[in-house]
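Chemist: sharing a model prediction with you, sequence too.
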Amino acid sequence: MASFLDVLFVRNKHVCPWYCCFTFDNIIRKIFHNPYRILNTLVRPGFTVLDIGPGQGYFSIPLARMVGEKGKVIAVDVQEKLLKVLNRRAVRAGVNETIEGRLVQGLNWNFDNEINFALAFWMVHEVPEKKEFLQTVYSSLKLEAIFLIAEPFLHVTAAMIEDTRQLCEGMGLRLIDRPKIFFSRSLLFKKKGADS
Ligand SMILES: C[S@@+](CC[C@H](N)C(=O)[O-])C[C@H]1O[C@@H](n2cnc3c(N)ncnc32)[C@H](O)[C@@H]1O
């Protein structure tokens with residue numbers, strides 16, 4: 001049976017509706033989720049980056065600046081409205097050539113060893129088929145690629161993030177850190193290389 005906390009925080013049961021995104025995608029968030037501080041050491045110019053569930057592009061736009069003109073940010077989301085907002089913001093920020101928004105349905109995507117860095121920020125708990133989802137991310141990553149998962153502290157329990165860790169490790173991702181990210185439970189993985 002669902003606990004009070006499960007009901008209160010709608011744990012594992014919904015996709016965050018587009019009209020709620022402003023609650024966590026605003027100027028105040030920069031104080032506690034500075035995208036550069038979180039991502040700077042993980043992303044290099046020229047990278048192909050996958051931003052999964054980008055919402056309105058809170059991280060996609062800084063990511064586009066980090067990868068530069070020779071890199072690419074692929075932003076996949078299930079909500080068209082959010083991708084439209086993301087595109088408008090990218091145009092305003094002058095990085096729309098670097099960001100490719102893709103509307104997806106469930107798991108009808110795979111980038112087959114193309115990705116240097118993948119980000120799933122506050123979204124894995126919204127995916128009903130978590131194992132298949134993580135497998136899709138895994139097969140999209142190049143060898144040695146980095147994958148950062150951050151989940152909201154209130155929606156995702158310690159047991160839930162451990163389950164995610166175990167699934168990822170079972171696929172061939174090596175946990176390299178648990179970065180401290182405000183209000184989040186986080187896992188940083190590296191895809192094992194040919195000789196690891
Ligand atoms: C809580 S928002 C987080 C947005 C953004 N990552 C951020 O931190 O500002 C979750 C996002 O994940 C998207 N999402 C949910 N399930 C998804 C799926 N299976 N594939 C891609 N995106 C998904 C939602 O549409 C929404 O944009």
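Modeler: Arrived safely, thanks for sending.
Chemist: got a list of what the residue nearest the centre of the chain touches?
Modeler: Residue closest to the mean C-alpha point of the chain, counted by C-alpha atoms, centre = their mean, is A120 at 1.6 Å. Contacts for A120 (C-beta atoms under 8 Å, 6 or more residues apart in numbering) come out as I52, G53, V137, F147, L148, I149, A150. From N, CA and C alone the C-beta is placed, and that goes for glycine too.
Chemist: please list which of those residues are also close to the ligand.
Modeler: I52, G53 (C-beta under 6 Å from any ligand atom).
Chemist: which one of the contacts of A120 is nearest to the ligand?
Modeler: Using C-beta to the nearest ligand atom, G53 comes nearest to the ligand of the contacts of A120, at 2.5 Å.
Chemist: from D195, how far out is the closest residue to that closest one other than its chain neighbours?
Modeler: Excluding the flanking residues, the one nearest G53 by C-beta to C-beta, 6 or more residues apart in numbering is M123, at 3.2 Å. Distance of M123 to D195, computed by C-beta to C-beta, to the nearest Å: 32 Å.
Chemist: swap in F182?
Modeler: F182 sits 36 Å away from D195, going by C-beta to C-beta.
Chemist: just to check, S60 is in contact with V76?
Modeler: No. Assessed by C-beta atoms under 8 Å, S60 is found out of contact with V76, at 10.4 Å.
Chemist: what sits in contact with each of the two?
Modeler: Common contacts of S60 and V76 (C-beta under 8 Å, 6+ apart): D51, P54.
Chemist: the more surrounded of these two?
Modeler: The neighbour count for S60 versus V76, taken as other C-beta atoms under 10 Å, is higher for S60 (29 against 20).
Chemist: by contact count, what packs against the top strand by length along the chain?
Modeler: Counting by DSSP state E, the longest strand found in the chain is strand 141-152. For strand 141-152, the packing partners by 3 or more C-beta pairs under 8 Å, 6 or more residues apart in numbering; DSSP states H and E come out as strand 115-121, helix 158-171, strand 184-191.
Chemist: helices and strands around the longest one, which ones?
Modeler: In terms of contacts (3+ C-beta pairs under 8 Å, 6+ apart), helix 158-171 is packed against helix 130-140, strand 141-152, strand 173-177, strand 184-191.
Chemist: please repeat the previous calculation with a cut-off of 6 Å.
Modeler: Counting contacts by 3 or more C-beta pairs under 6 Å, 6 or more residues apart in numbering; DSSP states H and E, helix 158-171 packs against helix 130-140, strand 184-191.
Chemist: tell me which of these is the most buried.
Modeler: strand 184-191 (a mean of 21; mean count of other C-beta atoms under 10 Å).
Chemist: how many neighbouring residues does the residue nearest to G53 have?
Modeler: M123: 22 surrounding residues under other C-beta under 10 Å.
Chemist: in PDB, list the C-alpha atoms belonging to stretch 87-106.
Modeler: Provided in PDB are the C-alpha atoms of stretch 87-106 (Å, rounded to 0.1, in the frame of the first residue of the first chain):
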ATOM      1  CA  ASN A  87      13.900  25.900 -28.400                       C
ATOM      2  CA  ARG A  88      12.700  29.500 -27.800                       C
ATOM      3  CA  ARG A  89      15.200  29.900 -25.000                       C
ATOM      4  CA  ALA A  90      18.000  28.400 -27.000                       C
ATOM      5  CA  VAL A  91      17.300  30.800 -29.800                       C
ATOM      6  CA  ARG A  92      17.400  33.700 -27.300                       C
ATOM      7  CA  ALA A  93      20.600  32.400 -25.900                       C
ATOM      8  CA  GLY A  94      22.200  32.000 -29.400                       C
ATOM      9  CA  VAL A  95      22.800  28.200 -29.000                       C
ATOM     10  CA  ASN A  96      19.900  26.700 -31.000                       C
ATOM     11  CA  GLU A  97      22.300  25.400 -33.600                       C
ATOM     12  CA  THR A  98      24.000  23.300 -30.900                       C
ATOM     13  CA  ILE A  99      20.800  21.900 -29.300                       C
ATOM     14  CA  GLU A 100      18.800  19.300 -31.000                       C
ATOM     15  CA  GLY A 101      15.400  18.800 -29.300                       C
ATOM     16  CA  ARG A 102      13.700  15.400 -29.900                       C
ATOM     17  CA  LEU A 103      10.200  14.500 -28.900                       C
ATOM     18  CA  VAL A 104      10.200  10.800 -27.800                       C
ATOM     19  CA  GLN A 105       7.700   8.300 -26.700                       C
ATOM     20  CA  GLY A 106       8.800   6.000 -24.000                       C
END
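Chemist: thanks again, I'm all set now.
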